[in-house]
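Peer 1: sequence unknown, structure follows:
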């Protein structure tokens, strides 16, 4: 896999965030903002891994989000990140029934995030996309299967390679969308926490 400079920079930032969050956790394991950042960094790092390693990182991210939600079940940023992690898990599986379960769970988390912060456009868009996600997943699986069938025995290896490339491309597209959204939420959260105090009257 070849990385662009921007990908390499994102990888470095995500790894730094992960290490910082891990160190912060040692001092304050109840910091839900930190747990959410840690999970978000793991989601970011997952896109640079093999499928097996990515699944492990996504599961680690889900455990961080679970931990944060056990402490503060109404933290909308964490609810939204959990929805993204579950959506990513669903897209990475070829089993439609398994994917549907993950998509349904993701939609529940997106709905909770919308309920907690109804004015957040990203949360509402995520909920809309979650409703369409099982259909997109099914279409992708059908396209991958038809490519394998149409390829026949003579080009099975090239079709398999193309299907893997499409699967990989889709994985990176999904990860990119998820990470962009996570980044926006993190940026908005940081901006809110660094708002200067109002001037004295």
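Peer 2: Arrived safely, thanks for sending. Keep in mind the model is a prediction, meaning the values are calculated, not measured.
Peer 1: tell me which helix or strand in this structure has the weakest average pLDDT.
Peer 2: helix 156-193 (a mean of 51; mean pLDDT, DSSP states H and E).
Peer 1: from residue 126, how far out is residue 117?
Peer 2: 12 Å (CB to CB, to the nearest Å). Every C-beta, even on glycine, is put in place using the N, C-alpha and C of the backbone.
Peer 1: please read the previous query as pertaining to residue 132.
Peer 2: From residue 132 over to residue 126 (counting by CB to CB), the distance is 11 Å.
Peer 1: got phi/psi on residue 118?
Peer 2: When read as degrees, to the nearest 10, the backbone of residue 118 gives phi -60, psi -20.
Peer 1: no, scratch that, I was asking about residue 112
Peer 2: phi -60, psi -40.
Peer 1: quick check, pLDDT for it.
Peer 2: The model reports residue 112 with a pLDDT of 98.
Peer 1: and the helices in this structure?
Peer 2: 5-27, 32-46, 51-71, 76-92, 96-116, 121-151, 156-193 (DSSP state H).
Peer 1: in space, what's closest to residue 37 - neighbours in sequence excluded?
Peer 2: Of all residues not flanking residue 37 in the chain, residue 21 sits nearest, at 5.0 Å (CB to CB, 6 or more residues apart in numbering).
Peer 1: for that neighbour, give me its contacts.
Peer 2: 34, 35, 37, 38, 41 (CB atoms under 8 Å, 6 or more residues apart in numbering).
Peer 1: among the residues you listed, name the buried ones.
Peer 2: For those, a burial check counting by 16 or more other CB atoms under 10 Å picks out 34, 35, 37, 38, 41.
Peer 1: okay then, goodbye and thanks.
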